[in-house]
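build me a model from this:
(chains A, B, C and D)
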Protein chains: 2
Amino acid sequence: MVTIADVARHAGVSPSTVSYVLSGKRSISEQTRSRVEESIRVLGYHPHAGARSLASSRANVIALVVPIRTDMHVPILMQFATSVVTGAREHDHDVLLLTNDEGPDGLRRITRSALVDAVIVMDIELNDSRVPVLREVGLPAVLIGFPADPAGLTCVDWDFVAAAAKCVDHLADLGHGEIGLIAPPVAVFDRGTGFAQRTTSGFESAVARHGLKAVVRPCDPSHSAVRDTVKRLFDDHPGLTGLVVHNEAAVAPLLETLRGLGRRVPGDVSVVAMCPEDLAEHVSPRLTVVPIPAEEIGRRAVQLVMGKLDGADVPAATLIDPHLRPGESAAAPGTATG
Amino acid sequence: MVTIADVARHAGVSPSTVSYVLSGKRSISEQTRSRVEESIRVLGYHPHAGARSLASSRANVIALVVPIRTDMHVPILMQFATSVVTGAREHDHDVLLLTNDEGPDGLRRITRSALVDAVIVMDIELNDSRVPVLREVGLPAVLIGFPADPAGLTCVDWDFVAAAAKCVDHLADLGHGEIGLIAPPVAVFDRGTGFAQRTTSGFESAVARHGLKAVVRPCDPSHSAVRDTVKRLFDDHPGLTGLVVHNEAAVAPLLETLRGLGRRVPGDVSVVAMCPEDLAEHVSPRLTVVPIPAEEIGRRAVQLVMGKLDGADVPAATLIDPHLRPGESAAAPGTATG
DNA sequence: CTGAAAGCGCTAACAT
DNA sequence: ATGTTAGCGCTTTCAG
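You can find the predicted model right below:
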């Protein structure tokens, strides 16, 4: 293995000089710097991560804790994970992947062993067992989602309330008078992740503001569940002309079911989805969508975590603004379809 | 931070004894062992990962290199990743997540800095630029997929040839005489990952063995591309009664298209899919499927990597056997549908 | 069966 | 602007 001493010898300087060239923590003459850099290049030197971590108490690694549930939309999760890795690399950090099945103890182990400098924890529940551990270990942490009591923590999330409101606003502006929300499965509500509730409340207050008639229906991810939900929805509410969908798995089956029922989109019923942008593009008609910006959330989480590591003050709560991207699935009620 | 010296003091032994209790590398009296273990518990001691890595040249971390392409089926990737994490934890290792966008240099950096002890590299292409690096650094590595020249490397993959053959066998056994293969997008073939080719060749040789008429059609993942492909397929081959699908994104649109064309499944056309099991279950009718065992591949990869780390001889090539799981989408041609 | 002590490679005072 | 050196916390000889 090539060590810092090898580089120092090769460049004719002391080890500390090499270290300082690498860290930039003190000024080095242009002469020396370039000589050292050349030696590093020639020898293919990379600092030993363990030694560096031991000496500096900085591992330059952050942990990413991901859920392994099946009721999460996996592509979102993956998009998020890759954006965290990419972001971390830009700050010269690596990412340790942790799944949830080790539970709170995993967090304890990781932090106590100084394997990582900070953690990003996804899929926070209202009453999350990891939150106490996070407070206890005092490690810089960024949570994706909000626990019931976020005091002293740094949280990021999409603004689900505003996102749902954007959907309702759009339908109301188009002139719809009675709309429905296809919500996540009841299991998601029960789990207490909060976001399903926030979407619902955003939906409901927007609906009230516009004076619309409205109905909310959670929906399981299977094709048949979607079909049943939609059929019953129209049986119960024949006047329904607009649908907001916040349920990735339901998007495609929903469109198919509407087609099967002979309801044109957007001629007979308008659809606005809260889902990843690519999902909205791969169906026909192309959906009007308020895209879930997984990548942006990941980037922001990394920014915040790096800020904390640098000792900067970071906002306790970051809500990412939703924006609506028009597609071809929402129009004024009664519009003829081509 | 709690150090090994703290534990030693608390238990009234020397640091090395604590170390040996932890590693099991020499025999310890039951007395001492339990006293030390108690101290570890009481103090909440976790060895400093960096120090351990420095002293032992073992980081107890493996790297997982994942692709970030969009043409891969993400849930498979995620299933694989989580099974690697779970498996690694069972061997007391953690997993560092690397994306491909750092390229071969990322591998070099990771290994030279002793951040990880071994790597698992996914989505190997026939002519993969990472393979030379792997040979160069001499780090224990396990590849998912086979490069053109796998000499000296350890590779694992699903047996795509056998999987395709299983599908054909099933259709042939049911009495079908003319079948088609909906293959991955051409881009996947062009990329040279090999698996698309292997499926095709498995399909074709099985077809020849059974003396069937057959046609192969790559297919882009969009809904409309699937529709066009299927329509043209039946226009060109009116006698077609069986379809093998090796294209996750095409599964749902395919079934919908068939429904739209008025072809019952399996009454008019039988469908056998090579895809993750849960995808096959969430459509109707429930698909007859040769499931892609992402989780098993992940487990095997970890086993192999751990074997290599232990200095064991491991097989250079591991092909995981496919098995067919009957569903409701394949039957004898002409069967009435309920 | 257990201790003492020499590093592992690096960083960060402390010197100059 | 650069060099010297004392650890960081652990593993692993070498001793007993």
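
which single residue in the stretch 201-338 of chain A comes nearest to DNA strand C?
A:Leu309 (12.8 Å; Cβ to the nearest atom of the strand). For the C-beta atoms, the positions are set from N, CA and C on the backbone; glycine is no exception.

run a quick neighbour tally on A:Leu233.
18 (other Cβ atoms under 10 Å in any protein chain shown).

which of the three states applies to it?
Assigned with DSSP: H, G, I helix; E, B strand; the rest coil, A:Leu233 falls in the helix class.

got it, and A:Leu258?
helix.

surely it meets A:Thr229?
No: using Cβ atoms under 8 Å, A:Leu258 is not in contact with A:Thr229, being 11.9 Å away.

which residues touch the nearest residue to A:Asp117 once chain neighbours are set aside?
Leaving out its chain neighbours, the residue that sits closest to A:Asp117 by Cβ to Cβ, 6 or more residues apart in numbering or on different chains is A:Ala59, at 5.4 Å. A:Ala59 sits next to A:Ala49, A:Ser53, A:Ala114, A:Leu115, A:Val116, A:Asp117, B:Ala49, B:Gly50 when contact means Cβ atoms under 8 Å, 6 or more residues apart in numbering or on different chains.

and the least confident helix or strand in chain A by mean pLDDT, does that touch chain B?
In chain A, the helix or strand scored least confidently by mean pLDDT, DSSP states H and E is helix A:277-281, which has a mean of 88. Yes: shown here: helix A:277-281 in contact with chain B (Cβ under 8 Å from any Cβ of the partner chain) through A:Asp278.

alongside DNA strand D, which residues does the stretch 1-150 of chain A contribute?
Neighbours of DNA strand D within the stretch 1-150 of chain A, by Cβ under 7 Å from any atom of the strand: A:12-17, A:20, A:26-29, A:31-33, A:51, A:54-55.

now a PyMOL select for only the buried ones of those residues.
Here is the PyMOL command that selects the buried residues among those (16 or more other Cβ atoms under 10 Å in any protein chain shown):
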select buried, chain A and resi 13+17+20+28+32+33+51+54
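
where strands are concerned, which of the residues of the stretch 1-150 of chain A next to DNA strand D count?
Counting by DSSP state E, those place none of their members in strands.

anything in the strand or helix carrying A:Arg299 near chain B?
Taking DSSP states H and E as the definition, one finds A:Arg299 inside helix A:294-309. No: under the criterion of Cβ under 8 Å from any Cβ, chain B is not reached by helix A:294-309; the shortest gap measures 10.9 Å.

and the helix or strand A:Ala81 falls within, what other elements does it pack with?
Element membership for A:Ala81 (DSSP H and E) is helix A:74-90. The contact analysis (3 or more Cβ pairs under 8 Å, 6 or more residues apart in numbering or on different chains; DSSP states H and E) places helix A:74-90 against strand A:61-66, strand A:94-99, helix A:294-309, helix B:74-90, strand B:94-99.

quick check, the residue of the stretch 201-338 of chain A closest to DNA strand C in contact with A:Ile120.
No: counting by Cβ under 8 Å, A:Ile120 is not a contact partner of A:Leu309; they are 11.9 Å apart.

these two - which one has more neighbours?
The neighbour count for A:Leu309 versus A:Ile120, taken as other Cβ under 10 Å, is higher for A:Ile120 (29 against 16).

phi, psi for the more buried one please.
phi -120, psi 120 (degrees, to the nearest 10).

how near is it to DNA strand C?
23 Å (Cβ to the nearest atom of the strand, to the nearest Å).

same check on A:Val186?
51 Å.

doesn't A:Ala5 fall inside a strand?
No: counting by three-state DSSP, A:Ala5 falls outside a strand, being helix.
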